[in-house]
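*Asks:* sharing a model that was predicted from the sequence below.
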There are 2 protein chains.
Amino acid sequence: MRLGIIGGGQLGAMLAEAGNPLGVTSRVLDPQPASCVRRVADCIEAEYDEPRALSELSDWAQILTYEFENVPLDAVQGRPDVVPPPEALHIAQDRLHEKTFFQEHGVGTAPFAPVSRVQDLQEALVQVGTPAILKTRRLGYDGKGQALVNNVEEARAAFEELGGVPCILEGVVDFRRELSVIAVRARNGDVRVYPLAENHHRGGILRWSITPAPNLGDRQDEAASIAVRLLEALDYVGVLTVELFDVDGPLVANEMAPRVHNSGHHTIEGAVTSQFENHVRAVLDLPLGSTDVLLPVGMVNLIGAEPPLEALLAIEGVSVHRYVKAPRPGRKVGHVAVQGPDRTTVEQRLARVRELVAEHEQ
Amino acid sequence: MRLGIIGGGQLGAMLAEAGNPLGVTSRVLDPQPASCVRRVADCIEAEYDEPRALSELSDWAQILTYEFENVPLDAVQGRPDVVPPPEALHIAQDRLHEKTFFQEHGVGTAPFAPVSRVQDLQEALVQVGTPAILKTRRLGYDGKGQALVNNVEEARAAFEELGGVPCILEGVVDFRRELSVIAVRARNGDVRVYPLAENHHRGGILRWSITPAPNLGDRQDEAASIAVRLLEALDYVGVLTVELFDVDGPLVANEMAPRVHNSGHHTIEGAVTSQFENHVRAVLDLPLGSTDVLLPVGMVNLIGAEPPLEALLAIEGVSVHRYVKAPRPGRKVGHVAVQGPDRTTVEQRLARVRELVAEHEQ
C-alpha cells in the first residue's frame, strides 16, 4: 500500500509512522521537508502545487492525503485521488465559508459578518456587537492574523494592520472552556468519534489538553452529532477535527480542520487506535479502529524550546515526541503525552510536566 | 543521540521506531537487512563480526546494542560500548551456562546434565530422569535443536540427529503454564519490571499471550525478585527477559534472552512505556519509563502467513504489526495486539483474532 502525503511536517511524519506497521509505505511532498519526516518517509522536494511533482506523487501512490489545510486548492480540486475531499479544504481555508457551512448544517457559531472593505466595518460591528475579533478570512493559525477590537476606530486600525485583505468580524464568545471533537469517516460511511479533548490555549497556541474532557454530561453526544452531520454533508473520508466552545446552551463551533489535529496527539498513547492510524485506515479503505480512550490521558505541547529530555522523562507516565525542528519562539517543536491509572494521577503528572515545560517555552 | 543496533530483524526495527520520537537516530548492522528495518533506520550490510563494519557502527554511534542473542561473542566481548553486557550473551548463548547461572543465583531450573559425548547419555538420563529433552547447548530457537527422549536408545538417536554437538539433557517440567518476566535496568541501577505475560506455545513457537497473566497471586513479586537478582549479578543495562514455568512450588526458569522479547510486544500498545523505548532509554542512560500495564492486553503472532488485513482490522481493539518479511512456514511475519476496556472483552477479542490467525498460519 502506497500513501502520498502533501506536507512534510510533524503531522505528515506521524501519519507515515502510523502506516508503517500496517505495511503502508508513505511518500511526502514538501518544498522543505523537515528532518522529522525524512526519517520515516521518502520525500519529493517541490512546491505543493508544482504539477510535475504532484503527478509524480499521484502516479506512485494509491491515494493522496494532506496534513495541513492550506494546500493550494487549484492543485487538488477535481482530483478524485485526494482525500479528505478538496471541498473540505475549500471550506476550511476561509473562515467565512466555514462559519456559513456550520450554520447551514445547524451548528451554532459566534455571530459573524464579512468585511471586504473598510466601509463594511461599522455595519459589521452593529451586527456582531463588541468586543469583537477581526480575523483574516484565510491563512490564520495559532492566533496569527487576528485582532480584538472594541470600536470602529480599533477595527479600522486592525483592518489596515491585517493588510486590508478580506476579513470576517466575529463576536467574542463567552465560553467556559474549549473542547475539540475528532472524528473519522470511512469510505463506506462508517463513523467513529474520539472522546472530546479539553484544550487550554495561551497566546492563541494550544498549550495542553486532557482527554476525555472532565464533566462532559451530554456534550460528547452533542459533539458527535455535529461531527457526523459535517462529515456526511461532505461525503468525507478521513479524520476531521472541530474546535468547539462550551457555553450556556448548545455547543458553538469555532473552526474545523480537515485533518489530524494537535489536540488529538494523545490518541497515539491514549486511544486504542490513534487518529493517525485511523486516518490512514480510512483513506486506504481499511476498516476503522476503535476510538476508545480507556483511561484519561494528557498532552502538553513543547513551544519554542524543549526542556532537558532527562527531566521530562524522569516524570512518571511521560512519552516524549520530539519533532527535531529548529526551535523558534511560538513554534511547536514537540509534545508530551501523559498517562496514568486514573484521572487524579494523570492530572498530577500533567501539572508537573506543564510546570517544567513552562519554565523553558518561548 | 545515535544508537547502533546489531541485527536488522523486526526487533531491531521496533527499537529504531521507539527511539525515533525521542530524537534517537538508529543505524543497523545486518548481513541481510530486512525491508522492515530499512524503512526506519540506515543499514550497514555486513556480517555481524566483520571488524570494519563493527568499527564503522561503533565510530558513528554513542552506544551499541543488539536485537538477538546469537551475536558472535568474539565481535563484542571486551567492548565497553556494547550493552547489555556481553557477559549476558555468553550466558544466554549456551543452555549449560544459562542453567548454571540460574542455579548460582538461587533460581530454580529443570534438572539438567551436560552431554558432550554419546557416552554421557546414560549417566545424564539417570541424573535427570525420563522423559527428558535433549537440546543443543547453542543456537536453538523456536523449538529447533531439541528432541524429547524416553530412553537411552532414543537419546542416542537424537544426539546423532542433532549432529553430535555439545548438548544438555533437561528433565521435563510438569508446568501449569508458561510465564515470562521482562525487566529493564538503567545504568544507575534503577530496575523496572513489567507485569508477567502468560504465553501459549505450539510447535515450540510462541502463538499468543495475555498480560498481566491472570491469577498471579504472589508470582509477580517472585518473578520480579528473580529478574532483579539476575540483572544485578550481571551489572546489566537494558531489557532482560526470563521465561518461567509456573509449577507447584517456586517458579522454574526455562531460559533468558538478553534483549527485547516477542512476549513483550504487547507493551507497545499496552504498557505506559514499551519494552523497546525502555531498552533505548536504558542503553542511552535516560530515565526509565513506567512499566505499568494499566489494562489487560493480548498478543497474537502471525506465523508463516498473514490473514487478510481487512479481516484482522475489522476486529475491534486490534493493532496490526506487519514485518514485511517473505512468508515461510514457522516464520514470524507479524503480530497483533488486542486491547479492550476489561479482561473479558480482551479475551473475547483475542479469541476471535486467534481463530482468524489459526485459519491462515503455516
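*Replies:* Looks like it arrived, so ask away. Owing to the predicted nature of the structure, the values given are computational and were not obtained by experimental measurement.

*Asks:* shaky segments in the stretch 1-150 of chain A?
*Replies:* A:34-36, A:140-143 (pLDDT under 70).

*Asks:* around chain B, which positions in chain A sit nearby?
*Replies:* By the rule C-beta under 8 Å from any C-beta of the partner chain, the part of chain A lying against chain B is A:17, A:20-23, A:25, A:39-40, A:269, A:272-273, A:277, A:281, A:286-287, A:289-290, A:292, A:294-295, A:309-310, A:313-314, A:316-322, A:324, A:339-341. Just so you know, the C-beta spots here come from the backbone N, C-alpha and C atoms, and that holds for glycine as well.

*Asks:* repeat the analysis, applying 6 Å as the threshold.
*Replies:* Contacts of chain A with chain B, taken as C-beta under 6 Å from any C-beta of the partner chain, map to A:21-23, A:272, A:286-287, A:290, A:294-295, A:313-314, A:316-317, A:320-322, A:324, A:339, A:341.

*Asks:* which parts of the stretch 101-250 of chain A are helices?
*Replies:* In the stretch 101-250 of chain A, the helices defined using DSSP state H, counting those that start in this stretch lie at A:120-128, A:152-161, A:219-233.

*Asks:* mind putting those helices in JSON lines, distance to B:Ala61 and mean neighbour count included?
*Replies:* Output for the helices of the stretch 101-250 of chain A, formatted as JSON lines (distance: least, C-beta to C-beta, whole Å; neighbours: other C-beta atoms under 10 Å in any protein chain shown):
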{"stretch": "helix A:120-128", "distance to B:Ala61": "60", "mean neighbour count": "18"}
{"stretch": "helix A:152-161", "distance to B:Ala61": "51", "mean neighbour count": "16"}
{"stretch": "helix A:219-233", "distance to B:Ala61": "46", "mean neighbour count": "18"}
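
*Asks:* let me have those in TSV, adding distance to B:Ala183 as columns.
*Replies:* Below are the helices of the stretch 101-250 of chain A laid out as TSV (distance: least, C-beta to C-beta, whole Å):
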stretch	distance to B:Ala183
helix A:120-128	62
helix A:152-161	60
helix A:219-233	39
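
*Asks:* so for A:Pro111, which of those sits nearest?
*Replies:* Smallest distance to A:Pro111 across the helices of the stretch 101-250 of chain A (C-beta to C-beta): 4.8 Å, for helix A:120-128.

*Asks:* now that closest one against helix A:152-161, angle please.
*Replies:* Orientation of helix A:120-128 against helix A:152-161 (axes from the mean of the first three to the mean of the last three C-alpha atoms, to 10 degrees) gives an angle of 120 degrees.

*Asks:* rewinding a little: relative to B:Cys167, which of the helices of the stretch 101-250 of chain A is closest?
*Replies:* Nearest of those (C-beta to C-beta): helix A:219-233, 62.1 Å.

*Asks:* just checking, what packs against the closest one?
*Replies:* strand A:177-185, strand A:191-193 (3 or more C-beta pairs under 6 Å, 6 or more residues apart in numbering or on different chains; DSSP states H and E).

*Asks:* so which of the ones you listed is the most packed in?
*Replies:* When the helices and strands packed on helix A:219-233 are scored by mean count of other C-beta atoms under 10 Å in any protein chain shown, the highest mean neighbour count falls to strand A:177-185 (a mean of 25).
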